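>>> Predicted model and sequence follow; I will ask about them next.
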Amino acid sequence: MKPYPSQARPWVQILFLLVVVFIGARFYLFVSSIEKGVIPDFERPAGVEAFLPIGALVSLKHLLYTGTINRIHPSGLVLFLMIIFTAVFAKKGFCSWVCPVGTLSEYLYKGRTFLFQKHFKMPALPDFLLRALKYVIAGFFVYQIFYRMPIEGIEQFIQSPYNRFADINMLKFFTRMSATTFVVLMSLFVLSILFRHFWCRYLCPYGALLGLVGLLSLGKIHRDPSHCTDCGKCEKKCPGMIPIRQKTIVHSLECSACLTCIESCPEKGALKFTYYAGRSSLPAAIMALGFILFFSSGITLAIVSDTWQNEIPTQAYVNYAVSMNRKLNSIDRMDGMDPEKMQKMILMMKRLQEQKAGMQDSQQEKGD
């Protein structure tokens, strides 16, 4: 008999989730302060840039062309490269061990038992087509950035207000949620309860990139047919729904190195996650420690080498946030205005513009 399944992965998931919640709360307080025109007495948390993947891709192209890390969102690029690099050693392990969206998606699905016991499974053809969707999304952004955008356009994008303050815009996407955004998020919430890892399996472009890089992973799941009893427990528990019993080495794009198949297997030695055939399986505790040390040391190195915090002055954040807040409040007031009053205001503005244009024409005629 095998030992009781390791609790290493859930603890690592909780740890990284708490870190992300702390960063999010800290950034919210930062933005709340600067919106009032007050410079906060703490630094903007640079880790928030992990949620700016498009900016990271643009920064990556800039790095490849210039050999330098741009100073607008450097930590976004640092984290992006670190996340991609994990796939060389642990396939899509970032998704199952670190990513907060992956953690929430996993536990939403597990929580379905409070509502119903039925297991919903996507039919084979829709499952295949939907899985392709995340690669289409990832491919679209890679193509647009690496093939369509010239280096001049890259420089302009990096220095644009949209990119410089993309973190604030991202926060506003959630704190000032539109009806459409709310419906989409609630739909994803419900689908994540019904279907295992719906976002991760079908829509996440980050997961698509990790899956492709993970094909080169040194670590893989190995199955020993001489120990396997073909009970199927591994496939039943596998979140990637991989047909493990048909393989001796799992190369699947969907493998996230979560080690669930190994821990659910009743036969010792039948399944292993290893870097070399014939070696013993990597313990879950070592995998957990590896992710913690890798990200903590990588971030520490970025801080020491001054490639973590951006160079945007806090006062620039204050000016942008105050201006943006005024515009949003103005829009809110317009939304709450009586339609008849709105129409009168539009007509008044048109008349003022016509009068101004008429005055300019008359001045020009006098000048002639």
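Noted; the coordinates are in hand. Numbers count the residues shown, from 1 in each chain.
>>> Which residue, other than its chain neighbours, is closest to Q159?
I72 (7.1 Å; CB to CB, 6 or more residues apart in numbering). The way it works is simple: take the backbone N, C-alpha and C, and place the C-beta from them, glycine included.
>>> Let me know the pLDDT of that neighbour.
As summarised for this prediction, I72 has a pLDDT of 93.
>>> And for K268?
pLDDT for K268: 88.
>>> Hmm, it is touching C228, no?
No - in this structure, K268 is not within contact of C228 by CB atoms under 8 Å, at 11.4 Å.
>>> neighbour count winner among those two?
C228 (17 against 12; other CB atoms under 10 Å).
>>> Let me know the distance separating that one from T260.
Separation of C228 from T260 (CB to CB, to the nearest Å) stands at 16 Å.
>>> and if you look at D306?
Computed as CB to CB, the D306 to T260 distance reads 40 Å.
>>> Comparing these two, which residue is more hemmed in?
Set side by side, D306 and T260 show more neighbours around T260, with 18 against 11, by other CB under 10 Å.
>>> Pull the contacting residues for that one.
By CB atoms under 8 Å, 6 or more residues apart in numbering, the contact list for T260 reads 237-239.
>>> Return the subset of these lying in helices.
Counted as lying in helices by DSSP state H, out of the contacts of T260, are K237.
>>> can you put the contacts of T260 in JSON lines and add pLDDT and neighbour count?
Shown next, in JSON lines, are the contacts of T260 (pLDDT from 0 to 100; neighbours: other CB atoms under 10 Å):
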{"residue": "K237", "pLDDT": "92", "neighbour count": "16"}
{"residue": "C238", "pLDDT": "94", "neighbour count": "22"}
{"residue": "P239", "pLDDT": "93", "neighbour count": "21"}
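>>> Please identify which of the contacts of T260 is nearest to L29.
P239 (34.7 Å; CB to CB).
>>> so what's the closest one up against?
Neighbour list for P239: 96, 106, 196-197, 256, 258, 260 [criterion: CB under 8 Å, 6+ apart].
>>> now these: which count as buried?
Neighbour-count burial (16 or more other CB atoms under 10 Å) is assigned, among the contacts of P239, to 96, 106, 196-197, 256, 258, 260.
>>> Restricted to strands, list these.
Among the buried ones among the contacts of P239, no member falls in strands (criterion: DSSP state E).
>>> Including pLDDT and distance to Y206, could those go into TSV?
Shown next, in TSV, are those (pLDDT from 0 to 100; distance: CB to CB, whole Å):
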residue	pLDDT	distance to Y206
S96	96	13
E106	93	16
R196	90	18
H197	92	13
S256	95	12
C258	95	16
T260	94	20
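>>> Going by neighbour count, list what's buried in the helix or strand that contains Y162.
In this assignment (DSSP states H and E), Y162 forms part of helix 161-164. Judged by neighbour count using 16+ other CB under 10 Å, the buried positions of helix 161-164 are 163-164.
>>> other SSEs contacting it?
Helix 161-164 is packed against helix 314-335, with contacts defined by 3 or more CB pairs under 8 Å, 6 or more residues apart in numbering; DSSP states H and E.
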